[in-house]
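**Student:** Quick one: sequence plus predicted model below, questions after.
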Amino acid sequence: MARKRVAVLISGRGSNLSSLIEATKNQNYPAEIVLVISNVPDAAGLGIARAADIATAVIDHREFSKDRPAFERALQDVLDKNQIDIVCLAGFMRLLTGNFVKQWEGRMLNIHPALLPAFKGLHTHRRALEAGAKEHGATVHFVAPEMDSGPIVAQEAVEVRDGDTEDSLARRVLAVEHRIYPRALKLLAEGRITPANPGNAVLTEK
Ligand code: GRF
């Protein structure tokens, strides 16, 4: 079966992008990354994509001022031209409109550095520490119109330790992110999960 064509959307560092690139290097992996799009022109992740010989596109949201639909039309245009099957958000820091999200329903994943539904939004590690959470972690989910919602595909917890700082916790959560995102993308690319049935396959697979 042909490998699914994936676009990864980033805004920054690109460590999740890296972990996806690593996974897709295996020819038996059911998806390949054919495009990396950044809304930030100097995002470090663009360098990671170029080093891996993956096509890149910059769609700078500032050029669209507050016109989100126009920004998304530009995004959709590049996705169409590259015949993208699946979109992975990986540290992509723009909110997407309901229209765009609906267009990609069941074909767009996001990674969030918390055990959703806990700690949606920003500064998740700081907030987990402030709340005295005993467990924290990361979640891959289908993207739904409401931010950091949508059916959960994969989730893995880390223990919050005495003396943890935002940085130390972030490091352990990041290791989890890098493990679960390739697993979740594989399930989607194999057609084993849908928004209506996002989890069963994961429960039986470690
Ligand atoms: C990750 O923690 C991701 O979960 C969050 O933003 C961060 C991006 O990191 N949404 P990177 O760019 O993948 O290194």
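**Tutor:** That came in fine, so what should we check first? Numbers count the residues shown, from 1 in each chain.
**Student:** Am I right that residue 153 sits in a helix?
**Tutor:** No - assigned with DSSP: H, G, I helix; E, B strand; the rest coil, residue 153 falls outside any helix and is strand.
**Student:** State the distance from it to the ligand.
**Tutor:** 14 Å (C-beta to the nearest ligand atom, to the nearest Å). Where C-beta positions appear, they are placed from N, C-alpha and C, glycine not excepted.
**Student:** So which bits of the chain are right by the ligand?
**Tutor:** Proximity of the chain to the ligand is confined to 10, 12-17, 45, 90-91, 111-113, 177 under the rule C-beta under 6 Å from any ligand atom.
**Student:** Type out the PyMOL command that picks the buried ones from these.
**Tutor:** With 16 or more other C-beta atoms under 10 Å as the burial test, the buried ones among the residues of the chain next to the ligand are selected in PyMOL as follows:
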select buried, resi 10+12+14+15+16+17+45+90+91+111+112+113+177
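**Student:** taking the residues of the chain next to the ligand one by one, which sit in strands?
**Tutor:** Cross-referencing these against strands under DSSP state E gives 10, 111-112.
**Student:** now those in TSV, with pLDDT?
**Tutor:** As requested, those are exported to TSV (pLDDT from 0 to 100):
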residue	pLDDT
10	98
111	98
112	98
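**Student:** Return the member of those nearest to the ligand.
**Tutor:** Using C-beta to the nearest ligand atom, residue 111 is the member of these that lies nearest the ligand, at 4.4 Å.
**Student:** Need phi/psi at residue 81.
**Tutor:** phi -60, psi -30 (degrees, to the nearest 10).
**Student:** Tell me, what's the model's pLDDT at it?
**Tutor:** At residue 81, the model reports a pLDDT of 98.
**Student:** Run through the residues that contact the residue of the chain found nearest the ligand.
**Tutor:** Proximity to the ligand, evaluated over the chain using C-beta to the nearest ligand atom, is greatest for residue 91 at 2.7 Å. The neighbours of residue 91, taking C-beta atoms under 8 Å, 6 or more residues apart in numbering as the test, are 10-17, 45, 111.
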